[in-house]
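Q: Sequence and computational prediction follow.
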Protein chains: 2
Amino acid sequence: MAVRDTLDVVGGKWKLLIIIAISSGNSRFREIERSIPKISSKVLADELKELEQHDLIKRTVYDASPVIVEYTVTPYSDTLKKVVDSMIEWGTNHRKRIMGKEKVKV
Amino acid sequence: MAVRDTLDVVGGKWKLLIIIAISSGNSRFREIERSIPKISSKVLADELKELEQHDLIKRTVYDASPVIVEYTVTPYSDTLKKVVDSMIEWGTNHRKRIMGKEKVKV
DNA sequence: CAGAATCCTTCGCGATACTG
DNA sequence: CAGTATCGCGAAGGATTCTG
């Protein structure tokens, strides 16, 4: 099933959030880490590797001192736009729905 | 973040697959279980409860002997259509890309 | 800063058996 | 059939420390 394939690549707790963070302008490791609440550096490092293997992000090392590493999204990750946008839309709407309900529901 | 809200509700390994299974015409517990490879009855039971709490599926008990229980998707679950469709589309394309190794261009 | 290494905890998920 | 009850593994995730 196709949905399963998608979940295998961008499922889990962090991957889409990381892609969003990078595409929002956070390119440095610490920037990404700070922009995602509650993520640890170990988890971030692990996830970045997987995303790079799937060609969804690109890691570039600049030979400075100290060394500078930049993460950017790849053109391929743009194909996830529909997925991300639909999830943003649904989540936004769902939050409104929950908010409106709690004053009526027990 | 909105995506996080969406992941909290339909994230994880099974929830979207269950919704798809039910909306595809599987309404009985064992039908759903059989239509989703590798899922166990415990996991299915747990997930069904959560989905019902989020008003994404409806559980109806018919007083027969033996008792008949039917699961159906709710109108609210239709709002997930965009999410599901975009994931099906992406997963399908991604599989082609993996198979063709570079043949499928973005 | 950008991670690697290590250790530890949580719990999602699974296998099996059993009940009404 | 439609679940529940246990038991428990393994992996995801977390905390801390350390290195270049």
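A: Received it, and whenever you're ready, just let me know what you need.
Q: Quick check: buried residues in the lengthiest helix in chain A?
A: Counting by DSSP state H, the longest helix found in chain A is helix A:81-101. Going by neighbour count (16 or more other CB atoms under 10 Å in any protein chain shown), the buried part of helix A:81-101 is A:82-84, A:86-91, A:94. (C-beta placed from N, C-alpha, C; glycine too.)
Q: and if you look at stretch A:69-77?
A: For stretch A:69-77, using 16+ other CB under 10 Å, the buried residues are A:71, A:73-74, A:76-77.
Q: I'd assumed B:Trp90 was in contact with A:Arg4.
A: No: the pair A:Arg4 / B:Trp90 is not scored as a contact, 11.8 Å apart, by CB atoms under 8 Å.
Q: just to revisit the earlier point, nearest to chain B among the buried residues of stretch A:69-77?
A: Using CB to the nearest CB, A:Tyr76 comes nearest to chain B of those, at 5.2 Å.
Q: what secondary structure does that closest one sit in?
A: Classification of A:Tyr76 by DSSP: H, G, I helix; E, B strand; the rest coil places it in helix.
Q: I'd like the distance between it and DNA strand D.
A: Plainly put, A:Tyr76 is 22 Å away from DNA strand D if you go by CB to the nearest atom of the strand, to the nearest Å.
Q: hang on, that residue packs against A:Asp55?
A: Yes: counting by CB under 8 Å, A:Tyr76 touches A:Asp55, with 5.1 Å between them.
Q: need the residues of chain A near chain B, please.
A: A:1-7, A:9, A:11-13, A:16-17, A:20, A:75-76, A:78-80, A:82-95, A:97 (CB under 8 Å from any CB of the partner chain).
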